[in-house]
Structure formats: C-alpha cells, structure tokens
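return atomic coordinates for the entry below.
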Amino acid sequence: MSKSTKIIIAVVVVLALVALVFFVLKNKTQAPTEQKIFSEAEARVIAEATCIKGGESLTPGYYNEGTKTWWFDANLNATQPGCNPACVVSEETKTAEINWRCTGLITPTSAEEIKKLFVAKYPKYASTLNVRIDQETENHARGGIGFAAGGTGGIFLATKVGGEWQIVFDGNGEIACDLSRYGFPENMLADCAK
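Residues are numbered from 1 along each chain as shown. As a prediction, this is how the structure comes out:
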C-alpha cells in the first residue's frame, strides 16, 4: 500500500471518529421529549359534560393535530338552520364548546321539503320528526333523521328526480354502493357497502 493511500485512509478514519463523537455528544445533550397524550375517552368525558343534554349524542371523535382539539359531531335536540354542530374539546385548556359549522350553503327549503317527505312516510312522528342535512349539492342531500327527542334515528340520502326531492335511502343499515346510479358525489357514498 502506498504512503498516500495510507494517509487517505487515516484521514477518513479520523473524520469518521470526529463525526461519531459529535453525534454522541449532540444526542446526550438533548433531553428526551415527553409526549402527553390526550385520549379520545378523556375528551369525550369533557364533551358529554359540556355539550349535550338528555337524549342528545356525540359521534366518535376525530383529532385535529393542527389545533390540538378533539371534534365530536353532535346530534342536538335544537339546532340552527343550515348548521352541523360539533362539540370541540381543547387539549390545552380541557374545555369544550359547540362549533355550529354553519355554511350558509344549505337552504332551509331543501330541509323542509325533505322533512315533508319523511312526515308523509312516517306520519306517526310528524310532530317530533327532526331532519338534519349534513351534505348537500343542488340535486343531492345526505343527513340524519331523528324521530323523537332522545329516541333513535338514522341517516338518509335524497336526490332530486324531475326537480322534486325523493328519499332513496333511510335507516341505520348498510348503504348500498349502487345508489351511485343517482349521481351522488363520491364523498356522500364514501362509506357504502361494497
């Protein structure tokens, strides 16, 4: 082996040792970070105590890492027209509040027309029936229906046929993917049974 090759190998070994020492020292000086986990169960306890009253309910939550908040869609007995309320729990403050999520895009007329269809279908619940529209386009709607305060309900899908609203699905069972034949946007049928 030539003298220049030996020098190059020695320089590489020295640089590798310096890099290793630097890496070890850098990692020793950094304290391990503790990550505090605010679970969905903890957030739900706060949400239920703050946001809901008798007969109202919350859906499973989802966590927003950007805002450090848990969001639970809220099925409330009293809602504001055109709104889809959620109970939002702050990880930092451990407090909750209702975010009404009013879009202004949902016209009360559509909800009223769909409610009339449900009253005709379920006349026994005409005085207690509650319709909530969660997603809507010009010709399609998806939402929830409640039959009585504190009682059971379900979801529905409605579409306009010949300019008139028609309910094409309501209940708690699986949503058939063949409802796409009515032209529903993909996001309204994202949870259909395949």
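
domain assignment for this protein?
1-34, 40-99, 108-189 (automatic domain parsing).

ok now the second one, how far from the chain's centre?
The gap between where domain 40-99 is centred and where its chain is centred comes out at 11 Å by C-alpha atoms, centre = their mean, to the nearest Å.

cool, the longest one as well?
Centroid separation between domain 108-189 and its chain, computed with C-alpha atoms, centre = their mean, is 19 Å.

hang on, the earlier thing: and the domains of the chain as a markdown table, adding mean pLDDT and mean neighbour count?
Heads up, the C-betas are built off the backbone N, CA and C, glycines and all. As requested, the domains of the chain are arranged in a markdown table below (pLDDT from 0 to 100; neighbours: other C-beta atoms under 10 Å):
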| stretch | mean pLDDT | mean neighbour count |
| --- | --- | --- |
| domain 1-34 | 66 | 9 |
| domain 40-99 | 90 | 16 |
| domain 108-189 | 89 | 15 |
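
quick check, central residue of this structure?
Geometric centre of the chain, nearest residue: residue 62, 5.6 Å, by C-alpha atoms, centre = their mean.

nearest residue to that one in space, please, no chain neighbours.
residue 71 (5.5 Å; C-beta to C-beta, 6 or more residues apart in numbering).

was I right to think residue 172 contacts residue 155?
Yes: here residue 172 reaches residue 155: they are 7.3 Å apart, a contact under C-beta atoms under 8 Å.

strand partners of the strand or helix carrying residue 154, parallel vs antiparallel please.
Per DSSP states H and E: residue 154 is located in strand 153-161. Its sheet considered, strand 153-161 pairs with strand 140-146 (antiparallel), strand 164-171 (antiparallel) by DSSP bridges.

using TSV, lay out the ones you listed together with distance to residue 194.
Putting the strands paired with strand 153-161 into TSV (distance: least, C-beta to C-beta, whole Å) gives the following:
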stretch	distance to residue 194
strand 140-146	18
strand 164-171	16
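
wait, isn't residue 131 in contact with residue 116?
No: between residue 131 and residue 116 there is no contact, the gap being 9.4 Å when judged by C-beta under 8 Å.

shared neighbours, these two?
In terms of C-beta atoms under 8 Å, 6 or more residues apart in numbering, residue 131 and residue 116 are not both contacted by any residue.

skip the chain neighbours and tell me the closest residue to residue 187.
Using C-beta to C-beta, 6+ apart, the nearest residue to residue 187 is residue 135, at 6.9 Å.
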